[in-house]
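Student: Quick one: sequence and predicted model below, then my questions.
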Amino acid sequence: MSDLHAGGPQADGTRADDIRVLIVDDQMMVREGFSVLLNAMPGITVVGEAVDGREAIDKVAALFPDVVLMDIRMPGMNGIDATREIVAQVVDAKVLVLTTFDLDEYVYQALRAGASGFLLKDASARQLADGVRVVASGEALLAPTVTRRLITEFSKLAEAPRPPALAKVGDLTERETEVLVLIAQGLSNAEIASHLIVAESTIKTHVSRILVKLGLRDRTQAAVFAYEARLVTPG
């Protein structure tokens, strides 16, 4: 995380505690529309825009956004490749994918590449702002009905579990594996705690350990991993 972002006045004039957003889309009207909507929301500031994936990568390095709103289909470098490079950077930027329809194979690929969730382009201003806040807080935008359906549908494309996934499963304890399966089923920490009859704080600890052991960024990545490791059967 940059020193500018950590606290105090920002060099670009934004409020230090604002969520900093970068908007990436090849359509100017989309960028400007989202920029107006988000800048009108308390605690959120749009710090920049990019027209393709390559420019997005450069601006992430220069602007240190907390959240990148990323279109998938763009000329030049697409949103999937850009997401993969951005999440590999030291900068702790979360990627929130934008799509025109929810059951989209490209969205699934973006989740595999490291995106923390996705939003439909026709989302309301409130949904857009709420999505940005959820992802910026370190959580995944994991809507159980939509994301689970998406992962279920496209994880079927893999004929067999990926070897790295199988190898990492062995690092988990029995309880951690159980929690991972429940995450993949779309349950929240509170719901998992109720299901297992333990404290929610215990589940938070398990989730943190799962992410560290598997080298994952968030719950969305954990859900994708669980399906691809066949811990959860698609269908």
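Tutor: Received, thanks.

Student: Check which helices and strands the helix ranked longest in the chain sits against.
Tutor: Counting residues, the longest helix found in the chain (DSSP state H) is helix 200-214. In terms of contact count using 3 or more C-beta pairs under 8 Å, 6 or more residues apart in numbering; DSSP states H and E, helix 200-214 is assigned the packing partners helix 174-184, helix 189-196, helix 219-228. For the C-beta atoms, the positions are set from N, CA and C on the backbone; glycine is no exception.

Student: Mind checking these for the one nearest to residue 78?
Tutor: helix 219-228 (18.8 Å; C-beta to C-beta).

Student: Helix 174-184 and that closest one, what's the angle between them?
Tutor: 100 degrees (axes from the mean of the first three to the mean of the last three C-alpha atoms, to 10 degrees).

Student: ok, and for helix 219-228, which residues are buried?
Tutor: Using 16 or more other C-beta atoms under 10 Å as the test for burial, helix 219-228 gives 219-228.

Student: Could you name the specific helix or strand carrying residue 119?
Tutor: Assigned by DSSP states H and E, residue 119 belongs to strand 117-120.

Student: following that strand, which helix or strand comes up?
Tutor: Next element after strand 117-120 (DSSP H and E): helix 125-136.

Student: Quick one: mean pLDDT over that next one.
Tutor: Averaging pLDDT along helix 125-136 gives 88.

Student: Distance from stretch 119-129 to the middle of the chain?
Tutor: How far stretch 119-129 lies from its chain's middle: 15 Å, per C-alpha atoms, centre = their mean, to the nearest Å.

Student: okay, the spatially most central residue of the chain: pLDDT?
Tutor: Nearest to the mean C-alpha position of the chain, counting by C-alpha atoms, centre = their mean, stands residue 116 at 0.6 Å. Confidence at residue 116, expressed as pLDDT, is 85.

Student: Report the separation between it and residue 92.
Tutor: 11 Å (C-beta to C-beta, to the nearest Å).

Student: What of residue 175?
Tutor: As judged by C-beta to C-beta, residue 175 and residue 92 stand 28 Å apart.

Student: What of residue 112?
Tutor: Distance, residue 112 to residue 92, by C-beta to C-beta: 20 Å.

Student: got the contact list for residue 231?
Tutor: Counting by C-beta atoms under 8 Å, 6 or more residues apart in numbering, residue 231 makes contact with 169, 177, 180-181, 184.

Student: Excluding chain neighbours, what is closest to residue 122?
Tutor: Nearest residue to residue 122, sequence neighbours excluded (C-beta to C-beta, 6 or more residues apart in numbering): residue 100, at 7.8 Å.

Student: Which residues are in contact with the one you found?
Tutor: Per C-beta under 8 Å, 6+ apart, neighbours of residue 100: 120-122.

Student: Please pick the buried ones from these.
Tutor: For the contacts of residue 100, buried by 16+ other C-beta under 10 Å: 120-121.
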